[in-house]
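Enquirer: quick one, what's the 3D model for this:
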Amino acid sequence: MDLLKIPHMKKEEYDRLISENYVSRIAFKGDAYPYVAPFLYVFDGHYLYFLSTRYGKKIQYFSQNPNVAVEIEWFSKDMSSYTFVTLLGRLAEVTDRTDGRRVRQQFVNMITTKELSSNVVAALGHSPAEPLESIVNENLSLIWKLESVNEIVALKNA
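Expert: Model prediction:
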């Protein structure tokens, strides 16, 4: 029996996968083991952006080494179809106020468009009781941008 290799996706395919989804996993270089955490993201067609609470191990690991692996996947319930992309790059904090407001507004738009529960804002450092626009108007979370991507592995089933 021959070994079957999972085919690679074309750029258009993995860009569509990234555009259609909003949950990722980021692997940070941990102490003895990698540290993996789920993150909501937005994609502007060029860069992935993440909002991070200002606490937790991810902050420590980001400050020690901003090189990460970001994974985004989609699969059917019975696993008959699946796709995933892993991007190896570097997180950078977005500190420009104008860029920050733009990215925060993209998160509000994504949450609204995808009809996500208001409870999701707790993962962004906000209370679900606050208006969604508080994401834009308050600075409770960090904004990270994935840049310097030096490898992309994008696979799909045949």
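Enquirer: and the helices in the chain?
Expert: Using DSSP state H, the helices of the chain run over 11-20, 57-64, 97-113, 134-137.
Enquirer: quick one: buried residues of the third one?
Expert: By 16 or more other CB atoms under 10 Å, the buried positions in helix 97-113 come out as 100, 102, 103, 104, 106, 107, 108, 110, 111. Yep, even glycine has a C-beta here, placed from its N, CA and C like the rest.
Enquirer: which one of the helices of the chain lies closest to residue 78?
Expert: Distances from residue 78 to each of the helices of the chain were compared using CB to CB; the minimum, 18.8 Å, belongs to helix 11-20.
Enquirer: which of the helices of the chain has the lowest mean pLDDT?
Expert: Sorting those by mean pLDDT places helix 134-137 lowest, at a mean of 90.
Enquirer: related to what we said a few turns ago, to residue 29, which of the helices of the chain lies closest?
Expert: When these are ranked by distance to residue 29, counting by CB to CB, first place goes to helix 57-64 at 6.4 Å.
Enquirer: end-to-end on stretch 90-97?
Expert: Taking CA to CA, to the nearest Å as the measure, stretch 90-97 stretches 21 Å from start to finish.
Enquirer: ok, stretch 22-32 next?
Expert: For stretch 22-32, the first-to-last residue distance is 29 Å (CA to CA).
Enquirer: what packs against the helix or strand of the chain with the lowest mean pLDDT?
Expert: Counting by mean pLDDT, DSSP states H and E, the weakest-scoring helix or strand in the chain turns out to be helix 134-137, with a mean of 90. Where contact means 3 or more CB pairs under 8 Å, 6 or more residues apart in numbering; DSSP states H and E, helix 134-137 is packed against helix 97-113.
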